[in-house]
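Engineer: Predicted structure and sequence below. I'll ask about it afterward.
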Amino acid sequence: KTAVVLFTRDLRLHDHPALAAATTNAEHVVPLFVLDPALLGRSANRDRFLHQALADLRDGLKERGANLVVRRGDTVAETIAVARQVEADGIALSHDVTRFATRRQDRLRAEAERHRMSLRLFPGVTVLAPGEVRPGGGGTNYRVFSPYFRAWEAARWRDEVAAPRNVALPAGAEKLGIALPEPPEGESPHAAAGGETEGRRRLRNWLHRIDAYDDQHDAMADDDTSRLSAYLRFGCLSPLAVAEAARRKGGPGAAAFVRQLCWRDFYYQVTAGFQDIARVPMRPAGDRNWRYDDAHALEAWQTGHTGIPIVDAGMRQLRAEGWMHNRARLITAALLTKHLRLDWRAGQDWFFRWLIDGDVPNNSGNWQWVAGTGNDTRPHRRFNPIRQAQRYDPEGDYVRRYVPELAGIPGADVHMPWRLDDFKGLDYPPPLESHGDEAVWLR
Ligand code: FAD
């Protein structure tokens, strides 16, 4: 028997149920990745990380006697072509829930049936498969996080599966694909490098530091979060393996971290039930009268020149690293939607271009949460950026790190430079005048 394992956003060998099942059940396995123009080109940062992760996956497969077959084109057409060339009995892949992925799975199933091949979907993109726990009152997915978290935590998770020791390619498989291209240039100079090897190294280091997470995860300058999100996004790390490793470690830091991982699963199951999440407000009544006439404010926000240092620091971290601290994501997104009253989709799209961890469920789910159009049970809450800055960057170190124009201002004064006598001498703008008197909304 021969099986094709189609890799998508599960670029790893450890805890990969589709690969493990194929290597157990079939004599020959073709590990396949399709460089699909429908997915490439949305974010130079993600394209770079993806190519690095693919190179690492290829090397790992080579160590196991196989290789990664790389094709370019439409994922469904290329997968079926490869499967027919090797006379495969079946195709296996990890189940995914976005609209793009669902359509791809449906098309693959139809084509596989037409050619008398089986198509099997496996878990692995989330800790718990979307729909595995369901709300008591009916419905396919939870809309509120806390009850979801309780059910998620109490559920029986699947067992982790071991990485295969050997992967046997069928004869001639080496000639099926193209050479993997070198990683393209990204846009962010300080971006993390992709791959399972790097992800696992970071996870090991993180487990030594996880105890502080409970107290420290909001301390913006200390950078005490895991920075594992991009590795989870591309499946270089198995979310289940990460959650289990944290559970084994135990303690309040690990518990807080596992709870945060549950947010990721939460938005996947939200997306499974609401596939328009990137464009349509989940709570139409929460959709405000967004202003579309302020290109200047949008550009100031995007480039980190709003004149509100904590916001500008976050937006510049995004461009420098392809990543932003969660607290900064909340503050910058709240400023765009609740103060500047610009459409959340404009912010979402900008994040999506830069974030290496950018994916539809988490990016759009969180944007809708902040904008008050999504799953926040308090959709009218407002974040005061100055108070947030004073609380989560009390010494101002985070701001000084990313906004060099303000590097000379000591302590927390850096958060309100317009109050300083020599403000006019700084090469830094006054706060954006949005609507009305900014002094009021900043207080
Ligand atoms: P840690 O604090 O170490 O958390 C561990 C893991 O838990 C993360 O890697 C992530 O997988 C998950 N997680 C943590 N917080 C959240 C959350 N609020 N929602 C969903 N999962 C979470 N996260 C993404 O992975 N992709 C996105 O595109 C994305 N867009 C966001 C947009 C906005 C406006 C906001 C407010 C948040 C967004 N997040 C997104 C969530 C969160 O900011 C990042 O997951 C987190 O900052 C990643 O850093 P970390 O790995 O150090 O997180």
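Structural biologist: Nice, thanks for sending it over. Numbers count the residues shown, from 1 in each chain.
Engineer: Could you use CA atoms for every contact and neighbour count after this?
Structural biologist: Noted.
Engineer: which residue sits closest to residue 200 in space, ignoring its chain neighbours?
Structural biologist: The shortest distance from residue 200 to any non-neighbouring residue, by C-alpha to C-alpha, 6 or more residues apart in numbering, is to residue 237 (6.8 Å).
Engineer: secondary structure element for that neighbour?
Structural biologist: For residue 237, there is no enclosing helix or strand under DSSP states H and E.
Engineer: list the contacts for it?
Structural biologist: Counting by C-alpha atoms under 8 Å, 6 or more residues apart in numbering, residue 237 makes contact with 10-12, 196, 199-200, 231.
Engineer: Pull out the buried positions in stretch 412-420.
Structural biologist: 412-418 (16 or more other C-alpha atoms under 10 Å).
Engineer: still on that earlier bit, just send the contacts of residue 237 back as TSV, with distance to the ligand and neighbour count too.
Structural biologist: TSV is the format used below for the contacts of residue 237 (distance: C-alpha to the nearest ligand atom, whole Å; neighbours: other C-alpha atoms under 10 Å):
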residue	distance to the ligand	neighbour count
10	14	26
11	16	27
12	16	27
196	15	27
199	11	25
200	13	18
231	8	31
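Engineer: from these, which two are the most distant?
Structural biologist: 10 and 200 (13.8 Å; C-alpha to C-alpha).
Engineer: What is the neighbour count of residue 54?
Structural biologist: For residue 54, the count of nearby residues is 26 (other C-alpha atoms under 10 Å).
Engineer: pLDDT wise, what is it at?
Structural biologist: Looking at residue 54, its pLDDT stands at 98.
Engineer: any low-confidence regions in the protein?
Structural biologist: Across the chain, the ranges flagged by pLDDT under 70 are 433-443.
Engineer: let's see 80
Structural biologist: Counting by pLDDT under 80, the chain has low-confidence residues at 286, 293, 433-443.
Engineer: now the strands for it?
Structural biologist: Taking DSSP state E, the strands of the chain run over residues 2-6, 28-35, 69-72, 90-94, 118-122.
Engineer: What is the second one packed up against?
Structural biologist: Using 3 or more C-alpha pairs under 8 Å, 6 or more residues apart in numbering; DSSP states H and E as the contact criterion, the secondary-structure elements in contact with strand 28-35 are strand 2-6, strand 69-72, helix 75-85.
Engineer: List the beta-bridge partners for residue 5.
Structural biologist: In this entry, residue 5 is beta-bridged to residue 31, residue 92, by DSSP bridges.
Engineer: Surely it touches residue 26?
Structural biologist: No: counting by C-alpha atoms under 8 Å, residue 5 stays clear of residue 26, with 10.9 Å between them.
Engineer: returning to that earlier point: which of the strands of the chain sits closest to the ligand?
Structural biologist: Set against the ligand and scored by C-alpha to the nearest ligand atom, the strands of the chain come closest in strand 90-94, at 17.6 Å.
Engineer: contacting residues for residue 14?
Structural biologist: Going by C-alpha under 8 Å, 6+ apart, residue 14 touches 161-164, 238.
Engineer: which other residues reach the helix ranked longest in the chain?
Structural biologist: Using DSSP state H, we find that the single longest helix of the chain is helix 252-273. Defining contact as C-alpha under 8 Å, 6+ apart, one finds that helix 252-273 is touched by 97-98, 126-131, 140-143, 145, 148-149, 152, 210-215, 239, 243, 246-247, 277, 361-362, 365.
Engineer: out of those residues, who's near the ligand?
Structural biologist: residue 362 (C-alpha under 6 Å from any ligand atom).
Engineer: Against residue 146, how distant is the residue nearest to residue 200?
Structural biologist: Residue 237 sits at a distance of 25 Å from residue 146 (criterion: C-alpha to C-alpha, to the nearest Å).
Engineer: need the residues of the stretch 101-250 of the chain near the ligand, please.
Structural biologist: 225-229.
Engineer: Same list, those residues, but as TSV with neighbour count and distance to residue 33 please.
Structural biologist: Shown next, in TSV, are those (neighbours: other C-alpha atoms under 10 Å; distance: C-alpha to C-alpha, whole Å):
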residue	neighbour count	distance to residue 33
225	21	31
226	16	28
227	18	25
228	19	23
229	20	21
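Engineer: Pretty sure residue 226 sits against residue 208.
Structural biologist: No: shown here, residue 226 and residue 208 do not form a contact pair, counting by C-alpha under 8 Å, at 10.6 Å.
Engineer: where do the helices sit along the stretch 251-400 of the chain?
Structural biologist: 252-273, 295-303, 309-321, 326-334, 344-354, 360-371, 385-392, 397-402 (DSSP state H, counting those that start in this stretch).
Engineer: what about the first one and the ligand, touching?
Structural biologist: Yes: contact between helix 252-273 and the ligand, assessed by C-alpha under 6 Å from any ligand atom, occurs at 257, 260-261, 263-264.
Engineer: Count the residues that sit near residue 178.
Structural biologist: Residue 178 has 12 neighbours, counted by other C-alpha under 10 Å.
Engineer: Same check on residue 150?
Structural biologist: Residue 150: 12 surrounding residues under other C-alpha under 10 Å.
Engineer: for the residue nearest the centre of the chain, what are its contacts?
Structural biologist: Of all residues in the chain, the one closest to the mean position by C-alpha atoms, centre = their mean is residue 357, 3.2 Å from it. For residue 357, the contact set (C-alpha under 8 Å, 6+ apart) comprises 46, 229-234, 323.
Engineer: Distance of it relative to residue 321?
Structural biologist: Residue 357 is 11 Å from residue 321, by C-alpha to C-alpha.
Engineer: For residue 177, list the residues it contacts.
Structural biologist: Neighbour list for residue 177: 69-71 [criterion: C-alpha under 8 Å, 6+ apart].
Engineer: Top of the residues you listed by number of neighbours, please.
Structural biologist: Within those, neighbour counts (other C-alpha under 10 Å) peak at residue 69, which reaches 22 neighbours.
Engineer: Touching, that residue and residue 35? I think so.
Structural biologist: No: applying C-alpha under 8 Å as the test, residue 69 and residue 35 come out as separate, 10.7 Å apart.
Engineer: In helices only, show me the contacts of residue 357.
Structural biologist: Those of the contacts of residue 357 mapping onto helices are 46, 229-233, per DSSP H.
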